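>>> Sequence first, predicted coordinates after that:
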There are 2 protein chains.
Amino acid sequence: MSKTYSVLNELLVELFNDILMIEQQALKSKDFNDLSITETHTIEAIGMYGDKTMSEVAEKLNITVGTLTVAVNNLEKKGYVERKRSEEDRRIVFVHLTNKGKLAYRMHEKFHSAMINEVIEGLTDEEEKILVSSLEKLNNFFKKRLKKIGGEE
Amino acid sequence: MSKTYSVLNELLVELFNDILMIEQQALKSKDFNDLSITETHTIEAIGMYGDKTMSEVAEKLNITVGTLTVAVNNLEKKGYVERKRSEEDRRIVFVHLTNKGKLAYRMHEKFHSAMINEVIEGLTDEEEKILVSSLEKLNNFFKKRLKKIGGEE
DNA sequence: TAAAAATATTTGAGAATCAAAATATTGAGG
DNA sequence: CCTCAATATTTTGATTCTCAAATATTTTTA
């Protein structure tokens, strides 16, 4: 069991917890303090451009469409998103961000920028490349794992 | 805005989501399928060795003691943990894992091992170093950020 | 000893979530 | 054209996680 193992394990666990806590706390202090983390993620999944169907958004968030319906109801009430029924196929419901919603989206984006910049800063181009490819490997491992679990049982 | 930025951002976001999903799905397939993610984390926080007070565990999990009380009620009912009132100070309640709880703890640990090992395996020494130091930077950024938010308001 | 502090539990309320039932619409086959 | 299956969404009922505030018990302090 190498030293890298325990270091990496702790780092990942801490990272994960910190991200959650920061997102939570960042919301409380800022404008848009009527948004929960989950709601912010919903806004993120709807995205800046064009309409998305309820199913598309739910899939992206890995939640059921029923859950999303409730979430969108509230976000609509608060003025962050709007619904629009498709004319071609009236079963389908499109959602998109209002101006207020787009503002919130950009706010969240800013948080991410600050985070990433902090990481990149102080890395050489070479190191930057290595970091990206390392994380890609990490990601691939997870994807593989997910497929395996999902496919079997 | 460099290309690295958006790539890194996406990687981190995906990573975060994948970890959540994998933990979720890992639980469903395995034994101990009567445990939620939250409950697993509670077990993790109680830890293998010795007794911990309710307050200590709640602090570690960043939840209120009230929330923990409910969680421990359920875990006790399912046989994963036990309570014991302190003799010296009868306000204090200690919790510790039962044998079943310890088994679950080790199970979760195994999952982490598999994850980290798989990642390290595919990396050269050079990449390993860079990955660790980058994650450390990311972590420092978060710690700083948390202190700032927590301290001010 | 009486008041204040510390520790934990209970309670009431609000999100987030799912599964299953209900609703509305479309498309295909006869 | 009518019916039935499939698709997309919403509604409903239940559970879990969470907090804040009220309550209970015990210890400490003044």
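Great, that's in hand. Quick caveat: nothing in here was measured; it's all calculated off a predicted structure.
>>> Let me see the domain layout of chain A.
Domain assignment for chain A, taken from automatic domain parsing, gives A:1-30, A:33-121.
>>> Of all the ones you listed, which one comes closest to B:Leu135?
Nearest to B:Leu135, of all those, is domain A:1-30, at 4.4 Å by Cβ to Cβ. C-betas here are computed from N, CA, C, even on glycine.
>>> What residues of the closest one count as buried?
For domain A:1-30, a neighbour-count test (16 or more other Cβ atoms under 10 Å in any protein chain shown) marks A:4, A:8-9, A:11-12, A:14-15, A:18-19, A:21-22, A:25-27 as buried.
>>> From those, which land in strands?
Among those, no member is found in strands (DSSP state E).
>>> from those, which are also near DNA strand D?
When Cβ under 7 Å from any atom of the strand is applied, no member of the buried residues of domain A:1-30 is adjacent to DNA strand D.
>>> Tell me the one among those residues nearest to A:Ile120.
For the buried residues of domain A:1-30, the nearest to A:Ile120 is A:Leu15 (16.1 Å; Cβ to Cβ).
>>> Tell me which strands the helix or strand hosting A:Val95 pairs with, and in which orientation.
Using DSSP states H and E, A:Val95 falls within strand A:93-97. If you go by DSSP bridges, strand A:93-97 pairs up with strand A:52-53 (antiparallel), strand A:81-85 (antiparallel).
>>> just checking, which of those strands sits deepest inside the structure?
By mean neighbour count, with neighbours taken as mean count of other Cβ atoms under 10 Å in any protein chain shown, strand A:52-53 ranks first of those at a mean of 18.
>>> Next SSE downstream of that strand?
helix A:54-61.
>>> ok, which residues in chain A are in contact with DNA strand C?
Applying Cβ under 7 Å from any atom of the strand, we find that chain A lies next to DNA strand C at A:36-39, A:61-64, A:66-67, A:70-71, A:74, A:88-91.
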